[in-house]
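[1] Fold the following for me, if possible:
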Amino acid sequence: MEFEKLKKIIAEVLNLDPDEIAMESTFVDDLGADSLDVFQIVSGIEEEFNIDIPAEKAEKISTVEEAVELIKSALP
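    Numbers count the residues shown, from 1 in each chain. Predicted coordinates for the structure are as follows:
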């Protein structure tokens, strides 16, 4: 469920087809995101899942899978 919601957020920010986004996709190399895009994705995650992601953790996210794991660990 987290992955599907995350794909929607990423697709919206990066103007991609959600089907192009896989768990192993990297934000920068595979999806073409820059640091502002990643910030917008993290903001979208925080809003969608009603969680806070500390900046130091957000800076370390490089793949979609890492983002999903971060979401799972932050949910109650």
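
[2] Any idea which helix or strand in the protein has the lowest mean pLDDT?
    helix 55-58 (a mean of 91; mean pLDDT, DSSP states H and E).

[3] Show me what the lengthiest helix in the chain is packed against.
    Assignment by DSSP state H gives helix 35-49 as the longest helix of the chain. For helix 35-49, the elements it packs on are helix 2-14, helix 55-58, helix 64-74, judged by 3 or more Cβ pairs under 8 Å, 6 or more residues apart in numbering; DSSP states H and E. Where C-beta positions appear, they are placed from N, C-alpha and C, glycine not excepted.

[4] who wins for proximity to G44 among the ones you listed?
    Judged by Cβ to Cβ, the one of the helices and strands packed on helix 35-49 that comes nearest to G44 is helix 2-14, at 4.0 Å.

[5] What helices and strands are in contact with that closest one?
    Judged by 3+ Cβ pairs under 8 Å, 6+ apart, helix 2-14 is in contact with helix 35-49, helix 64-74.

[6] Now do the buried residues in the longest one.
    By that I understand helix 35-49. Neighbour counts over helix 35-49 (16 or more other Cβ atoms under 10 Å) mark D37, V38, Q40, I41, V42, G44, I45, F49 as buried.

[7] The last one contacts P76, doesn't it?
    No - at 10.5 Å, F49 and P76 do not qualify as touching, with contact defined as Cβ atoms under 8 Å.

[8] could the buried residues of helix 35-49 be laid out in CSV, adding pLDDT?
    Below are the buried residues of helix 35-49 laid out as CSV (pLDDT from 0 to 100):
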residue, pLDDT
D37, 96
V38, 94
Q40, 96
I41, 96
V42, 95
G44, 97
I45, 96
F49, 96
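
[9] Quick check: the closest residue to K57 other than its chain neighbours vs D19, distance?
    Of all residues not flanking K57 in the chain, L70 sits nearest, at 6.2 Å (Cβ to Cβ, 6 or more residues apart in numbering). Going from L70 to D19 by Cβ to Cβ, to the nearest Å gives 23 Å.
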